[in-house]
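Asks: next one to model:
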Amino acid sequence: MSDEHLDVVRKASRAVTAPRTYVFDHPDVERLLDIVLALTGELAVTQERLDTVERLLTAKNLVQAEEIEAFQPDSQAAKERLARHEALLARVLRILHQDIAAMQASAATAQAGGQAARDH
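Replies: Next up, the predicted model:
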C-alpha cells in the first residue's frame, strides 16, 4: 500500500475519538464484522455504478457485454486500477490500522512512563 493511501487511513483513524463499543464477546469478531460490512458497502456501491454504466452504454449501442468481458487494460489503466485497489484496502482495513495505532500509542506511553520512572 502506498504512503498516500495509508495517509487516508491515518486521517480517518485520527477522526475517531470515542472508545470503541463492542457488541460481541471477542473484539476480533467485532473487527472482522467491521471489515465484512465495509467490504459489503464498497461492493454494493460498485455494483450499482457498474450496472448503471453498462445499461447506459448498451442502451446507446456503444458497447456490448462481450466487449466488456474481453477488455484488457493498458499499463496506465492497470496503474490506476492498482491505486484504486490500494485505496479500497486502506478503507476496508481501516479498523485494523486504528487498532495498531492505538496499540503503538499505548506502548509508547508505557515506555515513556517506564523511562520516566528510571530517570527518578
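
Asks: report all helices and strands that the helix ranked longest in the chain contacts.
Replies: The single longest helix within the chain, with elements called by DSSP state H, is helix 27-59. Applying 3 or more C-beta pairs under 8 Å, 6 or more residues apart in numbering; DSSP states H and E, we find helix 27-59 packed against helix 65-70, helix 75-92, helix 94-119. Where you see a C-beta, it was placed from the backbone N, CA and C, and this is true even at glycine.

Asks: mind doing that once more with 7 Å?
Replies: With contacts defined as 3 or more C-beta pairs under 7 Å, 6 or more residues apart in numbering; DSSP states H and E, the packing partners of helix 27-59 are helix 75-92, helix 94-119.

Asks: which residue is the nearest non-sequential neighbour of the spatially most central residue of the chain?
Replies: The centre of the chain sits closest to Arg91, judged by C-alpha atoms, centre = their mean, with a distance of 1.6 Å. Take Arg91 and drop its neighbours on the chain: the residue closest to it by C-beta to C-beta, 6 or more residues apart in numbering is Ala38, 6.3 Å away.

Asks: picking up where we left off before, gap between the residue nearest to the centre of the chain and Ala108?
Replies: For Arg91, the distance to Ala108 (C-beta to C-beta, to the nearest Å) stands at 26 Å.
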